[in-house]
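Trainee: Here you go, sequence then predicted model.
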Amino acid sequence: MSHPQNSILQNPAALARAMRVVPLTPLPLSLALFARRITTNNPGMFDRLGSYGRAEFVLDPVDLPIVLCLNPNGGQPQIRLRRDRSAGVARISNWLAALLGLVHGAFDGDALFFSRDLAIEGDTGAALALRNAIADAELDLAQEAASLSGPFVRPIQHIIALMNRRTGLCLLRPENAAAW
């Protein structure tokens, strides 16, 4: 993979080292509940997947020693985290910052793909269907996470905004960054 756009940062090596030893068991349950919340707030999001509505997609942040396996499961998403190269209908690989930027609309998936900065293995039609479903939903993962924090919504928003500025990770949609 060539070096992506200069604005996409690689995760610090310390985070990658920590992810090698962090137990993965509780994370998939939390991520699945979070994904179901997103699906509830965006009920038609996975409709665009068509025949891929129950396929497994592998999202591979190459700067971390884990992969995320997402099965939309007909609108009841299932998520697994793995430390190996799991198979799926499509594997989408890049740095975590780029993958988050794609979700939040900060980066152009076509530009990253054609510049060979975004690697897609397997069924490119499936990957395109997933990209379109996510793009149409105009997701803001930070807003979704903050909405789950009840009375702590403001402090959580401040923490996320600070992390967004300091880490280079695109943790929220760029058009929402000023409001945070």
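Mentor: All right, it came through fine.
Trainee: Name the residue most distant from the centre of the chain?
Mentor: residue 151 (25.7 Å; C-alpha atoms, centre = their mean).
Trainee: ok so it is a strand residue?
Mentor: No - counting by DSSP: H, G, I helix; E, B strand; the rest coil, residue 151 is not part of a strand but helix.
Trainee: From residue 45, how far out is it?
Mentor: Per C-beta to C-beta, to the nearest Å, residue 151 is found 28 Å from residue 45. Bear in mind the C-beta positions are built from the backbone N, C-alpha and C, glycine included.
Trainee: For the helix-or-strand element of the chain with minimal mean pLDDT, which residues meet the burial criterion?
Mentor: In the chain, no helix or strand scores lower on mean pLDDT, DSSP states H and E than helix 13-21, which sits at a mean of 80. Residues of helix 13-21 classed as buried: 16, 19 (neighbour count, 16 or more other C-beta atoms under 10 Å).
Trainee: and the next element down the chain from it?
Mentor: The first helix or strand that comes after helix 13-21 along the chain, using DSSP states H and E, is helix 26-41.
Trainee: by contact count, what packs against that following helix?
Mentor: Packing partners of helix 26-41 (3 or more C-beta pairs under 8 Å, 6 or more residues apart in numbering; DSSP states H and E): strand 78-82, helix 141-147.
Trainee: what's in contact with it?
Mentor: 45-46, 68, 70, 75-81, 137, 139, 141, 144-145, 147-148 (C-beta atoms under 8 Å, 6 or more residues apart in numbering).
Trainee: likewise stretch 141-150?
Mentor: By C-beta under 8 Å, 6+ apart, the residues outside stretch 141-150 that reach it are 34, 37-38, 41, 100, 103-104, 153, 155-157, 160-161, 164, 171-173, 176, 180.
Trainee: Of these, grab the buried ones for ChimeraX.
Mentor: To isolate the buried members of the contacts of stretch 141-150 in ChimeraX, using 16+ other C-beta under 10 Å:
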select :34,38,100,103,104,156,157,160,161,164,171,172,173,180
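Trainee: one step back: just put the helices and strands packed on helix 26-41 in TSV and tack on distance to residue 128, mean pLDDT and mean neighbour count.
Mentor: Shown next, in TSV, are the helices and strands packed on helix 26-41 (distance: least, C-beta to C-beta, whole Å; pLDDT from 0 to 100; neighbours: other C-beta atoms under 10 Å):
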stretch	distance to residue 128	mean pLDDT	mean neighbour count
strand 78-82	21	91	17
helix 141-147	21	88	18
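Trainee: and those as CSV, adding distance to residue 55?
Mentor: Shown next, in CSV, are the helices and strands packed on helix 26-41 (distance: least, C-beta to C-beta, whole Å):
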stretch, distance to residue 55
strand 78-82, 11
helix 141-147, 22
